[in-house]
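Chemist: got a predicted structure plus its sequence, pasted below:
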Amino acid sequence: MNPFSPSIQLLAAIWNLWQSLAADGAARLREEGGVDLKGFIALGYLQAQPYQSAELADAMQMPRYEVSRLLSNLEGKGFIQRLRQQ
């Protein structure tokens, strides 16, 4: 007998499904698109509107240094062009 309630069992099953789909999707993104899942999500944000890196970090709930690295990677692969403010 499972000690967890049906609601907890359902949430656990959904979580396991999400993890499996995310792992498969991330692998395909890397192989076919040349971008990881975080990069793909960032591109989605950037497609909607331009962001400064600090704003994007807040929107994605990621540390600024990590978003800066992510944007540099996307720029290096030609996915985005960063405009420097003067």
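Modeler: Happy to help now that I have it.
Chemist: tell me which element I41 falls in.
Modeler: helix 37-48 (DSSP states H and E).
Chemist: what about Y51, which SS state?
Modeler: Following DSSP: H, G, I helix; E, B strand; the rest coil, we place Y51 in the coil state.
Chemist: ramachandran angles for it?
Modeler: Dihedral angles of Y51 (phi, psi; degrees, to the nearest 10) stand at phi -130, psi 150.
Chemist: residues contacting it?
Modeler: 45, 59 (C-beta atoms under 8 Å, 6 or more residues apart in numbering). No exception for glycine: its C-beta is placed from N, CA and C like everyone else's.
Chemist: can you pull the pLDDT of the residue nearest to the spatial centre of the chain?
Modeler: With distances taken as C-alpha atoms, centre = their mean, K38 lies nearest the centre of the chain, 2.5 Å away. In this model, K38 is scored at 91, pLDDT.
Chemist: what of S20?
Modeler: pLDDT, S20: 87.
Chemist: for burial, what's the neighbour tally of it?
Modeler: When neighbours are counted by other C-beta atoms under 10 Å, S20 registers 10.
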